[in-house]
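In: Fold the stuff below for me.
(one chain, ligands or ions: 1)
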Amino acid sequence: SSSSSLCESDHFTYTKPSLFAINGDPVHIVRFCEAVQIHKAKGCVFGDSFRDDFCTVHFLLGIRFLKEKYVEEDSAESDNSHVQVSLAASGFLLFCCAICCPCFHKERKANSHEVLPKESNSVHQGSSFEMSPTSDMISSSSSRVSESPSRYAMSPRPSARMGPLNLTMSQIITATDNFSDSNQIGEGGFGIVYKGTLEDGQVVAIKRAKKEHFENLRKEFKSEVDLLSKIGHRNLVKLLGYVDKVDERLIITEYVGNGTLRDHLDGTNGSILNFSQRLEIVIDVCHGLTYLHSYAERQIIHRDIKSSNIILTTGMRAKVADFGFARGGPTDSNQTHILTQVKGTVGYLDPEYMRTYQLTAKSDVFSFGILVVEILTGRRPVEAKRPHDERITVRWAFEKYNEGKVFELVDPNARDRVDEKILKKMFCLAFQCAAPTRKERPDMEAVGKQLWAIRSSYLRRSVEQK
Ligand SMILES: Nc1ncnc2c1ncn2[C@@H]1O[C@H](COP(=O)(O)OP(=O)(O)OP(=O)(O)O)[C@@H](O)[C@H]1O
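Out: Below is the predicted model of the structure:
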């Protein structure tokens, strides 16, 4: 059987099982899908009889392997192989655009209709939330609400401390000037964050649980402390100690003094991030996540990767913070996922995890993909005040990317001009990470390799341009 559709003056025909034609001329499937994509971007509507399932990754599995080969070659690129690799890279982009993206586009649309409007109506954007697998509801009363506290009642234990710091309550009170407003540096779902200066001059960040949520936040506190105590990496905020008393719950971490990534994207502290800084931040976050997923004592899934949870140092290095929602990954090698409540932040949440309650490290990969689009465009994942077709940033970016208008995506505040190929590679990688299903997303280690290759091309081109 055959389906056909007329778009502008072009006539598209698909005859099962694998004959593709434009205006009567047989064409390769990749060319065909590309043309469909371009016409869709121009606003052409394909009739019901015309199904484009064959443009999905599943259909083109064979070609996908080819794409992966290109990426590998790209990572190993050297100065000598420059020309050859550039060609391979553009081939990769072509495939990425024609194959990975149509699939992403199609499924993403379906997913976002299902979940995004519901979420954005229900919760304050940018705040973390959780959703129970049984109730299927998103809490709207508070950005972070826990399950019944009694389920998590722990036996009372003394004010426990770990890490290099052994602080008493009175030392903490002195360090924060009795939790004075002037030392307050931020506020999240867990509580208020204070800056503290210890007797020896060391500056720390002290998260103080809000009294009204004390019981509810017990599990979150425990999870954050337990997981943070097992990790040590330069791209993750370090736990220095904690206090767990009947009437006080505090987490003491290293102080990272240059504000959140979101602050920097907003330009609230005066300076605008250039492309090179954005690329380094992306790489730092990738390294932090790679460590959590593959090198920590036990796999850790962060579950709340977003720009306000990335804090920058004065040297503009990025550190992942806020482990309040973090969870250990599967312990048994036969286990592919963990079945659990949905927790995270609107706009960054993995649609597959939302649908199935199955959590894997690939949920962090999805959030990372969304974050990369945010870093490059400067736009929040959901921009409610924009025109309709620009509200879901990743979808808007994807459409523009497919129209070949990659420069229109770049944050208008970032003035340094970047090579188009580099930008395309970055966006393409972000779209792969934000693919609708986890099996289509690369793991963080593979992302790191691609980023490293992008970085060396970027540095080489910067030198060439000088
Ligand atoms: N280690 C730190 N060093 C410096 N500032 C920090 C540190 N940790 C947190 N902050 C600041 O405190 C703010 C609140 O952090 P917190 O992790 O409690 O909440 P959040 O991530 O912004 O919100 P939510 O918990 O609802 O997701 C951060 O946005 C940041 O500005």
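
In: Poorly predicted segments of the stretch 51-200 of the chain, please.
Out: The stretch 51-200 of the chain contains residues with pLDDT under 70 at 51-166.

In: can you give me the helices for the stretch 251-400 of the chain?
Out: In the stretch 251-400 of the chain, the helices defined using DSSP state H, counting those that start in this stretch lie at 261-266, 275-290, 351-356, 361-377, 393-402.

In: Get me the contact residues on the stretch 151-300 of the chain for the ligand.
Out: 185-190, 193, 205, 207, 237, 253, 255-256, 260 (CB under 6 Å from any ligand atom). C-betas here are computed from N, CA, C, even on glycine.

In: Of those residues, which is the nearest to residue 21?
Out: For these, the residue nearest residue 21 by CB to CB is residue 260; the value is 52.2 Å.

In: residues near the closest one, how many?
Out: The local packing of residue 260 (other CB atoms under 10 Å) involves 20 other residues.

In: do you know how far it is from residue 394?
Out: Residue 260 sits 20 Å away from residue 394, going by CB to CB, to the nearest Å.

In: got it, and residue 437?
Out: Counting by CB to CB, the separation of residue 437 from residue 394 is 15 Å.

In: Just the strands from the stretch 101-250 of the chain, written as ranges.
Out: For the stretch 101-250 of the chain, the strands defined by DSSP state E, counting those that start in this stretch cover 128-131, 184-187, 191-197, 203-209, 239-244, 249-254.

In: The second one: how far from the chain's middle?
Out: What that stands for is strand 184-187. Centre-to-centre, strand 184-187 and its host chain are 24 Å apart (CA atoms, centre = their mean, to the nearest Å).

In: again with the third one
Out: Distance of strand 191-197 from its chain centroid, counting by CA atoms, centre = their mean, is 26 Å.

In: ditto for the fifth one
Out: Averaging C-alpha positions (CA atoms, centre = their mean) puts strand 239-244 28 Å from its chain's average.

In: Now that strand: average pLDDT?
Out: For strand 239-244, the mean per-residue pLDDT is 85.

In: I'd like to know which elements it is packed against.
Out: helix 218-228, strand 249-254 (3 or more CB pairs under 8 Å, 6 or more residues apart in numbering; DSSP states H and E).

In: Could you tell me which strands that strand is paired with, and in which direction each runs?
Out: Paired strands of strand 239-244, with direction, are strand 249-254 (antiparallel) (DSSP bridges).

In: Give me the contacts around the strand it pairs with.
Out: Defining contact as CB atoms under 8 Å, 6 or more residues apart in numbering, one finds that strand 249-254 is touched by 163, 165, 167, 172, 191, 196, 204-209, 214, 217-218, 221, 224-225, 228, 237-243, 321.

In: Switch the helices of the stretch 251-400 of the chain over to JSON lines; also include mean neighbour count and distance to residue 232.
Out: Formatted as JSON lines, those follow (neighbours: other CB atoms under 10 Å; distance: least, CB to CB, whole Å):
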{"stretch": "helix 261-266", "mean neighbour count": "20", "distance to residue 232": "22"}
{"stretch": "helix 275-290", "mean neighbour count": "22", "distance to residue 232": "11"}
{"stretch": "helix 351-356", "mean neighbour count": "20", "distance to residue 232": "28"}
{"stretch": "helix 361-377", "mean neighbour count": "26", "distance to residue 232": "19"}
{"stretch": "helix 393-402", "mean neighbour count": "22", "distance to residue 232": "33"}
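
In: Ok, which of the ones you listed comes nearest residue 387?
Out: Using CB to CB, the nearest of the helices of the stretch 251-400 of the chain to residue 387 is helix 393-402, at 9.3 Å.

In: Which residues of the stretch 301-450 of the chain lie near the ligand?
Out: 304, 308-309, 311, 321-322, 324.

In: tell me the two of these that are most distant?
Out: Going by CB to CB, the pair spanning these furthest: 311 and 324, at 14.4 Å.
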